[in-house]
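*Asks:* Could you work out the structure for the sequence below:
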Amino acid sequence: MQKAKLILPIIVISQFLGTSLWFAGNAVLADLVINFNLDATALQSLTSAVQFGFITGTLLFALLTIADRFSPSKVFFVCAILGATFNAGLVLEGNTLTSILGLRFLTGFFLAGIYPVGMKIATDYYQKGLGKSLGYLVGALVLGTAFPHLLKDQLQAFPWERIILFISLLASLGGLLLYLFVPNGPFRKKSTGLQLNSCIKVFKNTAFRKAAFGYFGHMWELYTFWAFVPILLKTYASLHPNTNFNIPLLSFFCIAVGSLACVLGSSIAEKFGAKKTAMSSLFLSCCCCLLSPLFFLVGSETVFVVFLLFWGMVVIADSPLFSQLVAENAPQKDKGTALTIVNCIGFSLTILSIQVISYFYETANTNLVFMLLAIGPVLGLLALRKKRNTEVFSEARE
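*Replies:* Numbers count the residues shown, from 1 in each chain. This is a model prediction of the structure:
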């Protein structure tokens with residue numbers, strides 16, 4: 001019984017350590033640019049390489065139903081070790097833009113065995129209270145994403161190579177913890193064999209499809225916002241010359257505050273429902289997108305930072321709720337595949353979003369470009385509002 005109480009904390013810690021690989025390259029971007037003579041605009045390429053690797057990995061994992069056919073803890077462990085290894089490859093001398101993009105792609109590829117598989121493990125252990133469990137897990141993802149920014153701020157005196165190697169060490173430790181202390185869950189239902197059409201069949205369920213489409217709208221905004229947080233801060237500072245931002249530290253807080261929002265959002269959803277709470281969060285983040293140009297004009301840097309902190313909360317608070325709705329409306333034996341394919345499509349949209357915003361930001365030279373992030377939340381809200389008389393969001397589907 002005591003051991004069972006430790007399962008969720010171990011999953012959360014392992015998820016946090018593993019997903020710290022995600023933005024490791026972004027946190028040391030300036031050092032990579034200097035050491036390997038990269039173009040100063042390499043941000044979107046590095047971010048998109050990780051996303052593209054994750055998409056490729058999740059697509060392959062979903063088609064082969066990896067998380068449902070094999071022990072999720074073992075899959076998590078192997079992927080954490082391999083992801084950490086390719087992340088550590090950034091410190092090798094002689095890297096070029098091509099090799100760095102390749103290493104970030106492979107890191108993203110093996111993150112496909114960390115983030116969605118961690119959620120799959122949670123669904124194998126928790127049926128009651130699944131939403132709150134996923135809130136902690138996505139909160140761990142948020143902290144893992146923000147963590148490299150904090151390391152960069154706190155370890156400025158250390159070579160950037162040590163920061164990268166430290167992150168790889170943490171990710172390996174996360175995989176080892178999960179492998180040693182989290183066996184297969186009591187609600188795990190192993191898939192009977194390779195079924196290449198499983199990731200297509202789950203979309204025939206209307207409630208599942210609506211939850212997935214809401215998640216897709218949320219993803220259009222999320223990772224582009226995270227990738228651009230340092231740029232948002234730099235842009236404001238350039239418009240207000242007296243501003244003195246500690247950009248790595250503020251970037252950490254603007255992203256990390258979302259972990260608190262995930263936990264709070266999941267608690268609120270227990271009272272008001274996952275769908276209603278997710279829609280409220282999606283609506284608020286949509287408002288942030290549309291109002292963002294106005295906040296660049298505000299003369300108070302405190303007001304601007306508070307706005308980014310609020311945006312950082314509402315942009316992610318709905319993520320565990322959409323994952324909950326996806327998991328609850330997927331067949332028990334295909335939950336891992338369902339979560340993985342939804343992640344695959346959602347992260348595909350992040351590449352398009354990052355490239356679109358980057359293009360218009362560089363060519364149009366206007367802060368109005370961030371209003372384009374509202375496209376996703378608007379479409380997600382429209383998908384969630386469509387009603388049919390026969391439709392309900394179920395607790396579980398066998």
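*Asks:* which SS state does L170 fall under?
*Replies:* Following DSSP: H, G, I helix; E, B strand; the rest coil, we place L170 in the helix state.
*Asks:* which residues does it contact?
*Replies:* By C-beta atoms under 8 Å, 6 or more residues apart in numbering, L170 lies in contact with 17, 20. Any C-beta I mention is one placed from the backbone N, CA and C, and that applies to glycine too.
*Asks:* hey, which helix or strand in this structure has the poorest pLDDT?
*Replies:* helix 198-201 (a mean of 68; mean pLDDT, DSSP states H and E).
*Asks:* And the helices in the stretch 151-300 of the chain?
*Replies:* With DSSP state H, counting those that start in this stretch as the criterion, the stretch 151-300 of the chain has helices at 160-181, 198-201, 206-239, 247-272, 274-295.
*Asks:* Including distance to L90, could those helices go into CSV?
*Replies:* Converted to CSV, the helices of the stretch 151-300 of the chain look like this (distance: least, C-beta to C-beta, whole Å):
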stretch, distance to L90
helix 160-181, 5
helix 198-201, 32
helix 206-239, 18
helix 247-272, 18
helix 274-295, 32
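*Asks:* so what pLDDT did the residue nearest in space to the middle of the chain get?
*Replies:* Centroid check for the chain by C-alpha atoms, centre = their mean gives L141 as the closest residue, at 6.1 Å. L141 carries a pLDDT value of 82.
*Asks:* From E362, how far off is P241?
*Replies:* Note on P241: its distance to E362, by C-beta to C-beta, to the nearest Å, is 22 Å.
*Asks:* Between these two, which is the more surrounded one?
*Replies:* Ranked by neighbour count (other C-beta atoms under 10 Å), P241 and E362 place E362 first, with 11 against 7.
*Asks:* what about that one, which helix or strand?
*Replies:* Using DSSP states H and E, E362 sits within helix 335-364.
*Asks:* Against which helices or strands is the following helix or strand past that helix packed?
*Replies:* Next helix or strand after helix 335-364 toward the C-terminus (DSSP H and E): helix 375-385. The contact analysis (3 or more C-beta pairs under 8 Å, 6 or more residues apart in numbering; DSSP states H and E) places helix 375-385 against helix 206-239, helix 274-295.
*Asks:* Compare those helices and say which comes out lowest on pLDDT.
*Replies:* helix 206-239 (a mean of 92).
*Asks:* now that helix, how far from the chain's geometric center?
*Replies:* Counting by C-alpha atoms, centre = their mean, to the nearest Å, helix 206-239 is centred 10 Å from the centre of its parent chain.
*Asks:* name the helices or strands packed onto that helix?
*Replies:* If you count contacts as 3+ C-beta pairs under 8 Å, 6+ apart, helix 206-239 packs onto helix 43-63, helix 247-272, helix 274-295, helix 301-314, helix 319-328, helix 335-364, helix 375-385.
*Asks:* in that helix, what's buried?
*Replies:* 207-233, 236-237 (16 or more other C-beta atoms under 10 Å).
*Asks:* if I look at A30, how far off is L46?
*Replies:* A30 sits 12 Å away from L46, going by C-beta to C-beta.
*Asks:* So, low pLDDT: which residues of this structure?
*Replies:* Where the chain drops to pLDDT under 70, the residues are 1-5, 40-41, 43, 127, 185-199, 332-333, 336, 386-398.
*Asks:* Pick the most buried one from the helices and strands packed on helix 206-239.
*Replies:* helix 319-328 (a mean of 27; mean count of other C-beta atoms under 10 Å).
*Asks:* contacts for that helix?
*Replies:* By C-beta under 8 Å, 6+ apart, helix 319-328 touches 119, 123, 130-131, 134-135, 137-139, 207-208, 211-212, 214-215, 218, 222, 262, 265-266, 269, 274-275, 277-278, 281, 335, 338-339, 342, 393-397.
*Asks:* try 7 Å
*Replies:* 119, 123, 130-131, 134-135, 137-138, 208, 211-212, 214-215, 218, 262, 265-266, 269, 274-275, 277-278, 335, 338-339, 342, 393-396 (C-beta atoms under 7 Å, 6 or more residues apart in numbering).
*Asks:* cool, stretch 291-310 as well?
*Replies:* Contacts of stretch 291-310 (C-beta under 7 Å, 6+ apart): 229, 232, 235-236, 239-240, 243, 250, 253-254, 257, 367-368, 370-371.
*Asks:* Alpha carbons of that stretch, as CSV, please.
*Replies:* Provided in CSV are the C-alpha atoms of stretch 291-310 (Å, rounded to 0.1, in the frame of the first residue of the first chain):
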residue,chain,number,x,y,z
LEU,A,291,-4.8,41.3,-26.6
SER,A,292,-1.0,40.7,-26.8
PRO,A,293,-0.2,43.6,-29.1
LEU,A,294,-1.8,46.0,-26.6
PHE,A,295,0.5,44.8,-23.8
PHE,A,296,3.6,45.7,-25.7
LEU,A,297,2.5,49.3,-25.5
VAL,A,298,2.0,49.3,-21.7
GLY,A,299,4.8,51.3,-20.0
SER,A,300,4.9,49.1,-16.9
GLU,A,301,7.2,46.1,-17.2
THR,A,302,5.5,44.6,-14.2
VAL,A,303,2.2,44.7,-16.0
PHE,A,304,3.7,43.0,-19.0
VAL,A,305,5.4,40.3,-17.0
VAL,A,306,2.1,39.6,-15.1
PHE,A,307,0.3,39.3,-18.4
LEU,A,308,2.9,36.7,-19.6
LEU,A,309,2.6,34.8,-16.3
PHE,A,310,-1.2,34.7,-16.7
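*Asks:* quick check, distance from that stretch to the centre of its chain.
*Replies:* Worked out by C-alpha atoms, centre = their mean, stretch 291-310 lies 24 Å from the chain centre.
*Asks:* again with stretch 27-37
*Replies:* That offset, for stretch 27-37, works out to 23 Å (C-alpha atoms, centre = their mean).
*Asks:* Stretch 84-96 now?
*Replies:* Using C-alpha atoms, centre = their mean, the offset of stretch 84-96 from its chain centre is 23 Å.
*Asks:* then it to PDB, C-alphas only?
*Replies:* Only the C-alpha atoms of stretch 84-96 are listed here, as PDB (Å, rounded to 0.1, in the frame of the first residue of the first chain):
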ATOM      1  CA  ALA A  84      19.700  11.700 -23.200                       C
ATOM      2  CA  THR A  85      22.500  10.200 -25.400                       C
ATOM      3  CA  PHE A  86      21.500  12.200 -28.500                       C
ATOM      4  CA  ASN A  87      21.100  15.300 -26.400                       C
ATOM      5  CA  ALA A  88      24.600  14.900 -25.000                       C
ATOM      6  CA  GLY A  89      25.800  14.700 -28.600                       C
ATOM      7  CA  LEU A  90      25.400  18.500 -28.800                       C
ATOM      8  CA  VAL A  91      28.700  19.000 -27.000                       C
ATOM      9  CA  LEU A  92      30.800  17.100 -29.600                       C
ATOM     10  CA  GLU A  93      33.300  19.200 -31.400                       C
ATOM     11  CA  GLY A  94      32.800  19.700 -35.100                       C
ATOM     12  CA  ASN A  95      29.000  19.900 -35.000                       C
ATOM     13  CA  THR A  96      27.400  21.700 -37.800                       C
END
